[in-house]
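Visitor: Okay, predicted coordinates and the sequence, questions at the end:
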Amino acid sequence: MRSSLTRPGLRKIASLILLLGLLALSQAAWAAHGEARPEKRGVLLVAFGTSVAGADAAYVNIEKKLKEEIPGVEVRWAYSSKIVRHKLAGGEKPVKLDSPAEALAKMMDEDFTHVAVQSLQTIPGQEFHALSETARSFSGMPKGMKKVAVGLPLLATTQDLTRVADALAQSAPKERKVGEAVVFVGHGTKHPANVYYPGLQYYLWKKDRLAFVGTVEGSPTREDVLAELAESNVKKAYLVPLLAVAGDHAHNDIAGDEPGSWKTVLTKAGIACVPVLKGTAESDAVAAIWVDHVKAALAQLGTDK
Ligand code: CO
């Protein structure tokens with residue numbers, strides 16, 4: 001300090017040059033550490049998953065529709081069910097499916113900056129809320145994605161319910177005759193979002209008085225539906241899964257031959273049953289609603305860099 005007082009001009013210039021040099025270096029290092037990362041957008045489709053061979057045709061249909069609507073979109077997949085993932089990984093032809101967190105971590109590593117996570121659940125129940133929390137924890141993670149948005153499940157807004165009611169009414173089996181019913185059987189849950197099933201029934205009845213909604217584990221129960229069928233004097237019903245894919249629940253709880261299945265119980269009650277083993281995601285009209293939810297999630301990501 002004393003010497004700088006003796007030759008102040010020269011010292012000051014020297015330290016200024018040094019300071020500027022350091023600044024330039026640190027700026028270069030800052031830029032090299034990826035601040036100017038190019039934007040990379042992608043979609044992560046998240047389903048519960050299925051280990052039933054061929055049932056994933058419904059998932060394939062959603063991806064196909066999405067790619068038709070948004071050409072060039074980067075799509076990744078995750079299954080939220082650990083049981084299903086482990087079953088697939090341990091099968092004869094092992095298939096490795098990611099959990100939502102694994103898939104998001106991989107997308108981080110692949111330098112995605114903006115990701116729309118789309119729930120392929122039917123209602124915003126437990127599975128959807130768990131997915132939202134996972135997605136939220138990845139949004140803005142250091143060295144990761146700048147933004148992650150979550151697309152709503154099939155039934156979310158009132159407009160979704162009217163659109164789904166339309167789509168289901170249209171997709172009812174063509175061979176169905178007057179007086180024959182169609183029963184859409186969903187999963188059902190103790191979660192408050194179970195109310196979407198009776199909600200959907202309201203809009204479905206506006207389209208078709210002989211179209212019913214039931215659930216395996218919630219309300220309306222099978223007894224509720226049986227009472228409605230009896231009141232309408234129905235003698236034949238088509239049983240259609242209100243599930244994205246016709247997996248385990250569709251094959252066993254709805255269409256199975258075991259004593260507790262919908263087919264068995266309704267048949268015993270004098271109603272001839274025709275199970276239709278197709279997931280809702282196989283219907284283009286239903287898939288279109290999910291695709292619109294992906295678009296809304298992408299829009300939510302905005303255009304900020
Ligand atoms: Co289940």
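Guide: Cool, got the structure.
Visitor: At the geometric centre of this structure, which residue sits there?
Guide: Centroid-nearest residue in the chain: Ser119, 1.7 Å away (criterion: C-alpha atoms, centre = their mean).
Visitor: Name all residues that make contact with that residue.
Guide: Ser119 makes contact with 46, 127-128, 131-132, 150-153, 293 under the criterion C-beta atoms under 8 Å, 6 or more residues apart in numbering. Heads up, the C-betas are built off the backbone N, CA and C, glycines and all.
Visitor: gap between the residue lying closest to Ser171 once chain neighbours are set aside and Pro192?
Guide: Leaving aside its chain neighbours, Ser171 sits nearest to Ser283 (4.7 Å; criterion: C-beta to C-beta, 6 or more residues apart in numbering). Distance, Ser283 to Pro192, using C-beta to C-beta, to the nearest Å: 27 Å.
Visitor: Compare the two and say which is more crowded by neighbours.
Guide: Ranked by neighbour count (other C-beta atoms under 10 Å), Ser283 and Pro192 place Ser283 first, with 19 against 10.
Visitor: pLDDT at the more buried one, what is it?
Guide: On pLDDT, Ser283 comes in at 93.
Visitor: go on, the one 5 residues further on?
Guide: Reading off the per-residue confidence, Ala288 sits at a pLDDT of 96.
Visitor: part of a helix, is it?
Guide: Yes: if the criterion is DSSP: H, G, I helix; E, B strand; the rest coil, then Ala288 is within a helix.
Visitor: Run a quick neighbour tally on it.
Guide: Neighbour count for Ala288, taken as other C-beta under 10 Å: 15.
Visitor: Let me know whether it touches Lys64 as I believe.
Guide: No: Ala288 is beyond contact range of Lys64, at 11.7 Å (criterion: C-beta atoms under 8 Å).
Visitor: Identify the contacts common to those two.
Guide: Common neighbours of Ala288 and Lys64 (C-beta under 8 Å, 6+ apart) do not exist.
Visitor: Quick one: residues contacting the residue nearest to Ser171.
Guide: By C-beta under 8 Å, 6+ apart, the residues touching Ser283 are 167-168, 171.
Visitor: okay, now the closest residue to Thr215 other than its chain neighbours: neighbour count?
Guide: The spatially closest residue to Thr215, leaving aside those adjacent along the chain, is Gly188, at 2.7 Å (C-beta to C-beta, 6+ apart). When neighbours are counted by other C-beta under 10 Å, Gly188 registers 23.
Visitor: quick one: Gly188 from Trp262, how far?
Guide: Noted for Gly188: a distance of 12 Å to Trp262, by C-beta to C-beta.
Visitor: Run through the strands of this structure in chain order.
Guide: For the chain, the strands defined by DSSP state E cover 41-47, 75-79, 114-119, 147-151, 181-186, 211-215, 236-241, 272-275.
Visitor: Relative to the fifth one, what are the paired strands and their orientations?
Guide: In other words, strand 181-186. Its sheet considered, strand 181-186 pairs with strand 211-215 (parallel), strand 236-241 (parallel) by DSSP bridges.
Visitor: Please apply the same query to the second one.
Guide: Each strand pairing with strand 75-79, determined using DSSP bridges, is listed with its direction: strand 41-47 (parallel).
Visitor: pLDDT of stretch 165-174, averaged?
Guide: Mean predicted confidence for stretch 165-174 is 93.
Visitor: Check which residues of that stretch are buried.
Guide: Of all the residues in stretch 165-174, those buried under the rule 16 or more other C-beta atoms under 10 Å are 165-169, 171-172.
Visitor: Mind splitting this structure into its structural domains?
Guide: Listed by automatic domain parsing, the domain ranges of the chain are 41-155+284-301, 158-279.
Visitor: With distance to Arg11 added, can I get those domains in CSV?
Guide: Putting the domains of the chain into CSV (distance: least, C-beta to C-beta, whole Å) gives the following:
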stretch, distance to Arg11
domain 41-155+284-301, 40
domain 158-279, 71
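Visitor: what about the helices in the stretch 151-300 of the chain?
Guide: Ranges of helices in the stretch 151-300 of the chain, per DSSP state H, counting those that start in this stretch, are 158-171, 196-207, 222-231, 248, 262-268, 284-300.
Visitor: Sort out which residues of the longest one are buried, please.
Guide: Spelled out, that is helix 284-300. Neighbour count says helix 284-300 has 286-287, 289-298 buried, by 16+ other C-beta under 10 Å.
Visitor: next one: the third one
Guide: If you call a residue buried by 16+ other C-beta under 10 Å, then helix 222-231 has these buried ones: 222, 224-226, 228-229.
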